[in-house]
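> structure of the sequence below:
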Amino acid sequence: MSAVRTLVTGGVRSGKSRHAESLLLPPNLPLDSPVSYLACGPQRDDADWALRVARHRERRPTSWSTVESTDAARALRAATGPVLLDCLGTWLTAQLDQLGAWEAPEQTWGPELDSRVADLEAAWREAAHVVAVTNEVGWGVVPAHRSGRVFADRLGLLNQRIAAASDRVLLVVSGQVLTVKDDGAAAGP
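Alright, predicted model coming up:
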């Protein structure tokens, strides 16, 4: 299997997770391929979120393992086969939570977040076969609250870094997939 790094972006409920999963299913990989599904967001005590997670799990083959970790860089480095990282937005939320960044001045948490983003980008570049899902930001109004602006600004920057380090970038809009970048260096997903 050729090394390939694919970023799948789009709006909420655009179909990006379903498409990302399809990249690691036949005919792209054998049905029983041991894919690691990396869920890297914060834990939530929310019935709606639990239902969403359950629906995602039901779609995945039983041969896939689930890794729940907010240390996505370490999980990527530990993986021995293909990985689906879902999603960069929830990973960023976990980092901002851990750093107390939502209302604190950026100088108190910015350097540490920058370090974590650099580590994730390095692990992404080292990965042999990985697909990541992210939310596209910046197509709506500027968020009214500081926390929304922090998230949108930082996710936009993170998306740019991971996209630059990717072989392919796909945009999903209303369930339709548009190729934004394809370096042609990789075959398959």
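> for the longest helix seen in the chain, list every residue counted as buried.
Identified as the longest helix of the chain according to DSSP state H is helix 106-126. For helix 106-126, a neighbour-count test (16 or more other CB atoms under 10 Å) marks 109, 113, 116, 117, 119, 120, 121, 123, 124 as buried. The way it works is simple: take the backbone N, C-alpha and C, and place the C-beta from them, glycine included.
> quick one: list the elements packing against that helix.
When contacts are defined as 3 or more CB pairs under 8 Å, 6 or more residues apart in numbering; DSSP states H and E, helix 106-126 packs onto helix 72-78, helix 88-99, helix 146-164.
> what's the helix or strand following that helix in contact with?
Sequence-wise, the next helix or strand downstream of helix 106-126 (DSSP states H and E) is strand 129-135. Applying CB atoms under 8 Å, 6 or more residues apart in numbering, the external contacts of strand 129-135 come out as 1-12, 16-17, 20, 23-24, 76, 79, 81-89, 124, 155, 158-159, 162, 188-189.
> returning to that earlier point: out of the helices and strands packed on helix 106-126, nearest to residue 64?
Residue 64 lies closest to helix 72-78 among the helices and strands packed on helix 106-126, at 14.1 Å (CB to CB).
> next SSE after the closest one?
Counting by DSSP H and E, the next helix or strand C-terminal to helix 72-78 is strand 83-86.
> does residue 82 touch residue 37 like I think?
No. Look at residue 82 against residue 37 with CB atoms under 8 Å: they stay out of range, at 9.9 Å.
> higher neighbour count, the two?
A count of neighbours by other CB atoms under 10 Å puts residue 82 above the other of residue 82 and residue 37, at 24 against 20.
> once you drop chain neighbours, what's closest to that one?
Leaving aside its sequence neighbours, residue 82 sits nearest to residue 129 (CB to CB, 6 or more residues apart in numbering; 4.3 Å).
> could I get the helices and strands packed on helix 106-126 as a markdown table with distance to residue 137, mean pLDDT and mean neighbour count?
Formatted as a markdown table, the helices and strands packed on helix 106-126 follow (distance: least, CB to CB, whole Å; pLDDT from 0 to 100; neighbours: other CB atoms under 10 Å):
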| stretch | distance to residue 137 | mean pLDDT | mean neighbour count |
| --- | --- | --- | --- |
| helix 72-78 | 18 | 97 | 19 |
| helix 88-99 | 8 | 96 | 20 |
| helix 146-164 | 5 | 96 | 16 |
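> reformat these as CSV; add distance to residue 133.
As requested, those are exported to CSV (distance: least, CB to CB, whole Å):
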stretch, distance to residue 133
helix 72-78, 12
helix 88-99, 7
helix 146-164, 11
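> residue 63 is nearest to which of those?
That would be, of the helices and strands packed on helix 106-126 and by CB to CB, helix 72-78, which comes in at 18.1 Å.
> show me what the closest one is in contact with.
In contact with helix 72-78 (CB under 8 Å, 6+ apart) are residues 36, 38, 40, 67, 69, 83, 85, 91, 116, 119-120, 122-124, 126-127, 130.
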